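sequence? don't have it. structure:
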């Protein structure tokens, strides 16, 4: 492989950055007001002062809860190398109490280089965990329990949560319990005993503000003035980025995007899509990349289905719509054919096909889920007599037909009247 | 250590403990006004001056502004109210010698901060349990009675979480052991079981048996329950006449379908030669009535002691009790009072009160640390204690639900969906399909010229809202047939979106 062209290198660099959560969340967490600093403050005071704490991180999916937690844990492991150990549990895997205790025991054994026996019973595991907590408390080592998908642990009898939170109430243990959940009412799901033992600290992960996102965009897309890139290329690339971001049309694109998505994760997906569409010849990003990314993220499958229909199928759809407009609440294939014939008679169109061709058209439409049978119960009737219904709305049909490659003009007229 | 007087707005509780009687009369008139002045003023500068009393008069620094002579210590928090400007130690002239001196608290000092946090931590059990003396005494009398007469008995303790049940049981246990030593009886053996740690509910019998027969090998042919029953039906030898105190925590975990285990456990105390004193702890008030009807017919229903939720005065007393051991003043008294008031109105749970206090401490710490990191711009306020606004911030953090913030920060389309859901579920209808919700959503979008999102994106957004706990989606084969219902109160939605005129009109 010869020398990489700079465009590919820059592409790889940016895509690598987008997939690295710590690169993304570091600048977002720089301010002292951010969730990162709040979380770090709580956990580090628990470690240094040896008091127990429990925290809940709440926020929609993709807002960076696990990423920020990983940043905090990484920093704390560096800061206090021997006094912190981390146990991770996931609500999807370990919501059963037996499973959970086994997993905790296994991870504790791994951390402290002990042998773990798979045959240990639930009782033995829980005694072991209590003993370990006591030992670690005496040795001033803090154990951080990370419970992902916290709301899944709150199903059933909540024995694991009760035992963990109860252990935190005693003086002998030194632990922090951090729960991550996307349900905002996760603490309302707890039983009252467990809720009483939970210290009601919640950190809410709200979507970042526009300024933060603009800053993040710049941080992600600017190339470093590195010697591995040809010098002129870097300055051209960064200038182009600045031009794009200050363009009003780009701001409109972003506004449309943020009307539907607000989390950091979806924003990163959008940027990834745009960057991947970069033209490798010129090696620079352009506004069209972002526009294409936006339209690929806002796909409308039904619209695309209509766009791919044949002309006959469009006729059938228009007939069904007209029947709907005429207040005919249920219609089947036969009535649609009648309407089709009526149109042909009144407008003398050239597209008049026989019944068996039309049946095949119907089947195609049903396969693509543009129409479907209205009820599932009438299985005994043949397909032609069963009531059907449209699965797309009138506006979608309209839009699809307008963007269709060769839709006859008469159909659009028929749809409106 | 004398108990601190309970907080009072009524003047008659001024005198308590070791405070000298002469003070009571002096204070009453001027106390209220001075307290009000203190509550209103925030700065440390205004401190009431001393009363010149013959007991311990002291010359105070000139910085103290005292427009009028009033008693130094306000009854409810005595010496904790005093805030000083200077670093000198001040002897409280009013309170007599046995109370300690309170010096100034420096929140930047790590040691002091740690001490305060430790004093307020849930795991630290105070040496004396205040506000539960009555209940503790009742339980102790019961245990004493049983031990004296060498009879078995059962007791049921109920109360909301966080009311000091387990804590009191520990104290009673220690008290019983001490008393047994003094009275020359055998020290009772204790079995303290937390029923959540049992794999099977019948394991409790093997735990009791294990303790009783330590050393003797378990007889394989009989179950632990049967063994216990045999044991208690035979006359014991003198040497084995130790009483056994069984404390079963979280007893409702023992409730099985046929309630067999619970019955058997309580029936153990009715056997003729039984030696166990059973104390069961749970949350349900009517556990004994509901689940133990057989005992009623045998006329040996357990004695019920209810631990009521803490009132505002009790919470305040407990907090002060914890803080009084510290050599400095960390909390302003009205901050503690508002915390007690709010928590007692909400649930009366002591753990929550402690948690809120620690939260307020942390807010203060962040504030103080923040001023360390930056360059001091102006005169830094010298005397930093936890004030009302810290406590109010901590209370709102603990009691506020994150729903309102989240709804306000949702993207526009999702807010429209939430709005249309609020409108849809106004009447009696409890759930609708996604397709119907989509229709409402399209109407709202059309009326305001916003391009609506397609049906796929709409159902994706509904899934996101379901994940967050705002909507509830049921499972269905087809996307459009899923049933949606609203999990959030409509009032919350209206409150969250009231700033935006569009939604305000929408929700009218």
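Looks like it came in fine. Everything numeric in this text was worked out from a predicted model, so none of it was measured.

what about the helices in the stretch 201-350 of chain B?
Here the stretch 201-350 of chain B has its helices, by DSSP state H, counting those that start in this stretch, at B:203-212, B:224-233, B:260-267, B:287-291, B:293-297, B:312-324, B:333-346, B:350-373.

got it, and the stretch 51-200 of chain B?
Counting by DSSP H, counting those that start in this stretch, the stretch 51-200 of chain B has helices at residues B:110-119, B:133-149, B:165-183.

In CSV: those helices, plus mean neighbour count, mean pLDDT and distance to chain A.
(Glycine included, C-beta is placed from N, CA and C.) Shown next, in CSV, are these (neighbours: other Cβ atoms under 10 Å in any protein chain shown; pLDDT from 0 to 100; distance: least, Cβ to the nearest Cβ, whole Å):
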stretch, mean neighbour count, mean pLDDT, distance to chain A
helix B:110-119, 17, 82, 5
helix B:133-149, 16, 87, 18
helix B:165-183, 16, 87, 9
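
export those helices to CSV and tack on distance to residue B:500?
CSV is the format used below for the helices of the stretch 51-200 of chain B (distance: least, Cβ to Cβ, whole Å):
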stretch, distance to residue B:500
helix B:110-119, 41
helix B:133-149, 52
helix B:165-183, 48
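
Residue B:301 touches residue B:295, doesn't it?
Yes - with contact defined as Cβ atoms under 8 Å, residue B:301 reaches residue B:295; the gap is 5.2 Å.

who touches both of those two?
Common contacts of residue B:301 and residue B:295 (Cβ atoms under 8 Å, 6 or more residues apart in numbering or on different chains): residue B:288.

any idea how far residue B:434 is from the closest residue to residue B:115 other than its chain neighbours?
Excluding the flanking residues, the one nearest residue B:115 by Cβ to Cβ, 6 or more residues apart in numbering or on different chains is residue B:326, at 6.1 Å. According to Cβ to Cβ, to the nearest Å, residue B:326 and residue B:434 sit 58 Å apart.

more neighbours, the two?
Set residue B:326 next to residue B:434 and count neighbours by other Cβ atoms under 10 Å in any protein chain shown: residue B:434 wins out with 23 against 20.

The more buried one contacts residue B:485, correct?
No - counting by Cβ under 8 Å, residue B:434 stays clear of residue B:485, with 11.4 Å between them.

one step back: do you know the pLDDT at the residue nearest to residue B:115?
Model confidence at residue B:326, given as pLDDT, is 82.

so it touches residue B:120, yeah?
No - using Cβ under 8 Å, residue B:326 is not in contact with residue B:120; the gap is 9.9 Å.

Tell me how many other residues crowd residue 330.
As the question left the chain open, I've gone with chain A. Here the number of neighbours of residue A:330 (other Cβ under 10 Å) works out to 13.

wrong chain, I was asking about chain B
Residue B:330, neighbours per other Cβ under 10 Å, totals 26.

Over to residue A:43?
22.

residues contacting residue A:259?
Residue A:259 touches B:411, B:412, B:413, counting by Cβ under 8 Å, 6+ apart.

how does it look with 10 Å?
Residues in contact with residue A:259, defined by Cβ atoms under 10 Å, 6 or more residues apart in numbering or on different chains, are B:411, B:412, B:413, B:414, B:415, B:416, B:450, B:451, B:453.
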